[in-house]
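Novice: fold the following.
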Amino acid sequence: PYKMAANMRQRGSANAGSNSNPHSSLLNNGVDPKYHGEPEQKVTLGERTYVVIALFFLSALLIVFFAAGQVPPARTDAETPPTEFSEERARRHLDAIAGIGPRVAGTYENDVLAVNYLLTEIEKIQQAARPSHKIDVDVQRPTGYFTLDFLSSFTHYYDNITNIVVRLSPKKATRHSLMINAHFDSTMGGPGASDDAASCASMLEVLRALSQTDSPLKNSIIFVFNGAEENILQASHGFITQHPWAADIRAFVNLEAAGAGGREVVFQTGPDHPWLVRAYAEAAKYPFASVTAQELFQSHVIPSDTDYRIYRDYGNLPGIDIAYMDNGYVYHLKYDSPDQIPPGTMQRAGENLLGIVQNLVASPYLAYPGEYRHGDTVFFDVIGLFMVVYPHNVAIIINSLAVLFTVLYFGYKLKPSKSGGSSGLLYLRQLFCAVLVLIFSWITAVITVIAVAFFMTRLERHMTWYTHTELILGLYVFPAILVQVLMHRAAQKYFYKNIKDPWVLEELVFDSVVLFWVGLLGLATYRGVCSAYWCLLWLVCPLLARVVLIRTTDRQRRTPKGRNSFLPYHLLGLFVPMVMTVYGVRHIFVLFIPIMGRSGSEVAPDFVVASLAVLSTIVLSCYLLSIIYISKSVKRLTFGLMAAIVVTFALTFSSYGFPYSGNKDRPTPKRLVLQHYCKTSHSEKGEVT
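Specialist: You can find the predicted model right below:
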């Protein structure tokens with residue numbers, strides 16, 4: 001009887017320890033069969049799991065592509081009230097301006113034909129305006145110079161360039177104005193329909209709609225039709241430093257383009273004026289804005305700049321920078337014609353612009369914006385449905401609370417077991433090993449994908465993805481996934497061979513990913529990065545699902561029914577960050593792939609796209625790696641990925657992989673920059689020698 005009681009106490013102590021802490025099973029005390037002896041029969045997930053995950057990814061992609069393609073129907077004159085925006089009217093202006101042809105600053109087409117058309121249409125609006133409004137028009141031809149650090153430092157001198165300035169104001173004069181800016185000049189060889197005739201057309205239609213309202217404006221609106229932006233921001237400098245109306249401007253909206261059509265994105269605001277982005281969030285019917293785009297653009301990763309910089313630096317003005325970004329293949333080319341701008345695009349942009357202008361011009365902050373400078377702002381749209389806006393100071397508090405919550409989560413894991421074992425220390429050791437395996441798998445994936453890019457470059461198969469972007473999946477994404485799957489499967493077999501319970505391994509890998517995101521969130525918060533909200537999403541959503549939903553099923557994990565509920569709960573925790581990240585990644589590729597076609601010889605485009613692809617894959621798959629450890633087999637997944645990779649490589653070495661296309665509806669041309677010089681020498685007396 002004494003021996004039986006001792007054995008019962010021993011079993012009871014072991015059971016108490018295992019129930020008190022999930023990771024007491026990590027304790028190699030000679031009793032737990034997870035480490036020594038015969039392995040227990042564990043319920044694992046079948047290979048259909050990967051079909052479910054693939055469908056999960058597909059659903060996220062469908063949601064994102066549906067959201068990104070949403071534009072309102074183009075409205076006609078007949079169905080549109082006089083005070084609302086009509087794409088049909090705006091299209092007539094677009095067709096007329098783009099129909100002039102290339103409009104290079106200083107040419108007859110730009111400084112005479114385009115100017116005459118704009119003045120004629122403005123005069124029509126002026127004559128039809130309601131009595132409550134006053135419209136003043138001025139043609140400015142400034143001369144000046146300024147120094148600009150863009151790609152390299154140089155000094156601009158300009159002479160007699162053209163601006164058309166229109167002021168819409170109430171009958172009773174006001175001292176405060178909102179400025180709307182767009183440029184009507186274009187680059188050589190292109191009609192500049194999206195860049196930036198479409199924005200000028202939208203400005204004309206917004207001016208007309210506002211002039212038809214019966215109520216007087218609270219403040220004035222100055223419309224600047226800028227005639228020299230493409231020769232690097234000259235007309236905006238001439239206006240803001242020399243025009244007498246410039247002194248009354250308190251804020252501005254700049255309209256630009258980096259592509260033809262699509263949704264227009266807010267990619268710069270402020271600086272340090274959160275009321276501007278809040279006004280956009282309140283007024284824009286179809287929001288599309290991201291502080292990540294702002295930080296990316298201002299880091300000069302994108303080789304471009306806009307008039308926003310001139311108004312900010314030389315006018316000391318806060319503003320909003322908005323640009324089209326889809327179909328950048330036609331940017332600055334002869335293909336940038338009105339037919340490349342899909343129906344509904346201008347309706348969307350015009351309704352947004354009209355709402356923003358009406359909100360800003362009536363805002364109490366417009367009179368003295370300097371009093372409302374409150375630092376940086378975190379802002380982003382949720383797949384175009386609504387905006388999330390909060391001050392950076394609030395972001396610091398939210399991020400800190402998330403870090404604290406994660407510390408408490410790990411603190412619970414480190415609790416000693418009731419059996420008196422040191423499971424906390426052993427858990428730390430195993431977690432450290434899991435982090436090493438995770439980092440090593442990521443490094444291996446990066447090296448593999450970069451090697452693929454190097455291989456394609458050496459074989460002179462450059463930019464095979466330029467037209468057929470789906471090839472990026474087989475070239476870079478699938479190899480990155482395959483390498484990670486093989487690495488973690490090998491780690492389970494050889495590195496974690498003493499841990500018999502695959503569910504303990506699953507939780508270890510999950511925790512290692514949590515540790516990565518909490519570290520990255522802390523670092524980004526410390527560095528003052530507003531885009532740290534991405535880390536917040538990837539940390540909080542999966543962790544809450546794990547703590548609130550999955551933890552409640554721990555006791556049922558030994559049954560097939562209980563463990564079948566694991567995957568839905570796990571994917572539910574990933575849904576929000578997955579959809580938001582796919583949304584962001586989609587726009588990164590939409591922006592950067594066309595840029596690679598005009599980046600020049602100093603940038604290796606295959607390496608840039610490969611890097612973006614592998615980093616995106618690592619982020620999107622990070623919490624799915626733990627599924628490998630609780631799967632019966634990954635053979636079908638491995639063979640499926642390898643087959644997709646082989647098919648992709650076969651396509652890249654066929655005519656399908658040719659980078660460029662002359663398709664009239666969707667051209668993806670190759671760019672060759674040719675500069676012709678004619679050198680004329682003069683004597684000291686001015687005679688041609």
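Novice: just for the stretch 1-150 of the chain, where's the confidence low?
Specialist: Across the stretch 1-150 of the chain, the ranges flagged by pLDDT under 70 are 1-43, 150.
Novice: ugh, typo on my part, it should be the stretch 351-500 of the chain
Specialist: 416-422.
Novice: break down it into its strands, ranges please.
Specialist: 377-382, 386-391 (DSSP state E, counting those that start in this stretch).
Novice: and those as CSV, adding distance to Ala78 and mean neighbour count?
Specialist: In short, each C-beta sits where N, CA and C put it, glycine included. Shown next, in CSV, are the strands of the stretch 351-500 of the chain (distance: least, Cβ to Cβ, whole Å; neighbours: other Cβ atoms under 10 Å):
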stretch, distance to Ala78, mean neighbour count
strand 377-382, 32, 22
strand 386-391, 32, 16
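Novice: Glu202: neighbour count?
Specialist: One correction, residue 202 is Ser, not Glu. Using other Cβ atoms under 10 Å, Ser202 is surrounded by 28 other residues.
Novice: wait, it touches Leu255, no?
Specialist: Yes - using Cβ atoms under 8 Å, Ser202 is in contact with Leu255, at 7.1 Å.
Novice: shared neighbours of the two, anything?
Specialist: Taking Cβ atoms under 8 Å, 6 or more residues apart in numbering as the contact rule, Ser202 and Leu255 both touch 182, 353.
Novice: what is the helix ranked longest in the chain packed up against?
Specialist: Across the chain, the longest stretch assigned as helix under DSSP state H is helix 423-458. Secondary-structure packing of helix 423-458 (3 or more Cβ pairs under 8 Å, 6 or more residues apart in numbering; DSSP states H and E): helix 478-490, helix 502-526, helix 605-621.
Novice: measure how the helix or strand that Trp534 is a member of sits relative to strand 377-382, angle-wise.
Specialist: Following DSSP states H and E, one finds Trp534 within helix 533-544. If you take axes from the mean of the first three to the mean of the last three Cα atoms, to 10 degrees, helix 533-544 sits at 60 degrees to strand 377-382.
Novice: buried set for helix 533-544?
Specialist: Buried residues in helix 533-544, counted by 16 or more other Cβ atoms under 10 Å: 533-543.
Novice: over to stretch 291-302?
Specialist: 291-297.
Novice: sorry, back to before: closest to Phe66 out of the helices and strands packed on helix 423-458?
Specialist: Minimum separation from Phe66 across the helices and strands packed on helix 423-458 (Cβ to Cβ) falls at helix 605-621, 18.6 Å.
Novice: list the buried residues in the closest one.
Specialist: 605-606, 608-621.
Novice: do the same with stretch 241-259
Specialist: Quick answer for stretch 241-259 (16+ other Cβ under 10 Å): 243, 245-246, 248-259.
Novice: and stretch 571-591, by the same measure?
Specialist: For stretch 571-591, by 16+ other Cβ under 10 Å, it's 571-587, 589-591.
Novice: repeat for stretch 397-417
Specialist: 398-399, 402-403, 406, 410, 413, 417.
Novice: now those in JSON lines, with distance to Lys500?
Specialist: Formatted as JSON lines, those follow (distance: Cβ to Cβ, whole Å):
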{"residue": "Ile398", "distance to Lys500": "40"}
{"residue": "Asn399", "distance to Lys500": "38"}
{"residue": "Ala402", "distance to Lys500": "34"}
{"residue": "Val403", "distance to Lys500": "33"}
{"residue": "Thr406", "distance to Lys500": "28"}
{"residue": "Phe410", "distance to Lys500": "24"}
{"residue": "Lys413", "distance to Lys500": "20"}
{"residue": "Ser417", "distance to Lys500": "18"}
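Novice: select from these every entry located in helices.
Specialist: 398-399, 402-403, 406, 410, 413.
Novice: return the member of the residues you listed nearest to Thr668.
Specialist: Closest to Thr668 out of these is Asn399 (40.8 Å), distances taken as Cβ to Cβ.
Novice: was I right to think that closest one contacts Leu536?
Specialist: Yes - using Cβ under 8 Å, Asn399 is in contact with Leu536, at 5.9 Å.
Novice: overlap in contacts of these two?
Specialist: Common neighbours of Asn399 and Leu536 (Cβ under 8 Å, 6+ apart) are Leu521.
Novice: what's near enough to touch Met346?
Specialist: 74, 87, 90-91, 94, 198, 201-202.
Novice: one more pass at 6 Å, please.
Specialist: Residues near Met346 by Cβ atoms under 6 Å, 6 or more residues apart in numbering: 87, 90.
Novice: can you name the helix or strand that it falls in?
Specialist: Going by DSSP H and E, Met346 is part of helix 345-361.
Novice: repeat for Arg89
Specialist: helix 87-99.
Novice: with Val266 instead?
Specialist: Judged by DSSP H and E, Val266 forms part of strand 264-270.
Novice: check which helices and strands the helix holding Arg89 sits against.
Specialist: Judged by 3 or more Cβ pairs under 6 Å, 6 or more residues apart in numbering; DSSP states H and E, the packing partners of helix 87-99 are helix 198-211, helix 345-361.
Novice: check which element follows it along the chain.
Specialist: helix 108.
Novice: tell me what the helix or strand just after that following helix is packed against?
Specialist: Proceeding N to C from helix 108, the next assigned helix or strand is helix 115-128, under DSSP H and E. If contacts are counted by 3+ Cβ pairs under 6 Å, 6+ apart, helix 115-128 sits against helix 198-211.
Novice: and the strands in the stretch 201-350 of the chain?
Specialist: 220-226, 249-257, 264-270, 319-324.
Novice: and what of the stretch 1-150 of the chain?
Specialist: 133-140, 144-150.
Novice: could you dump those to a markdown table with mean neighbour count and distance to Leu567?
Specialist: Formatted as a markdown table, those follow (neighbours: other Cβ atoms under 10 Å; distance: least, Cβ to Cβ, whole Å):
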| stretch | mean neighbour count | distance to Leu567 |
| --- | --- | --- |
| strand 133-140 | 16 | 62 |
| strand 144-150 | 13 | 51 |
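Novice: take those strands and write them to JSON lines, including distance to Thr345.
Specialist: JSON lines is the format used below for the strands of the stretch 1-150 of the chain (distance: least, Cβ to Cβ, whole Å):
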{"stretch": "strand 133-140", "distance to Thr345": "28"}
{"stretch": "strand 144-150", "distance to Thr345": "28"}
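Novice: right, and the ones you listed - which one's nearest Leu471?
Specialist: The nearest among the strands of the stretch 1-150 of the chain, by Cβ to Cβ, is strand 144-150 at 33.5 Å.
Novice: circling back: between the ones in helices among the buried residues of stretch 397-417, which sits nearest Ser681?
Specialist: Nearest to Ser681 among those, with distances taken as Cβ to Cβ, is Asn399, at 63.5 Å.
Novice: so who does that closest one touch?
Specialist: Taking Cβ under 6 Å, 6+ apart, one finds 521, 525, 532, 536 in contact with Asn399.
Novice: how about those residues, which pair is most distant?
Specialist: It's Thr525 and Leu536 that sit farthest apart of the contacts of Asn399, by Cβ to Cβ, at 9.0 Å.
Novice: pull the distance from stretch 104-121 to the chain's centre.
Specialist: 36 Å (Cα atoms, centre = their mean, to the nearest Å).
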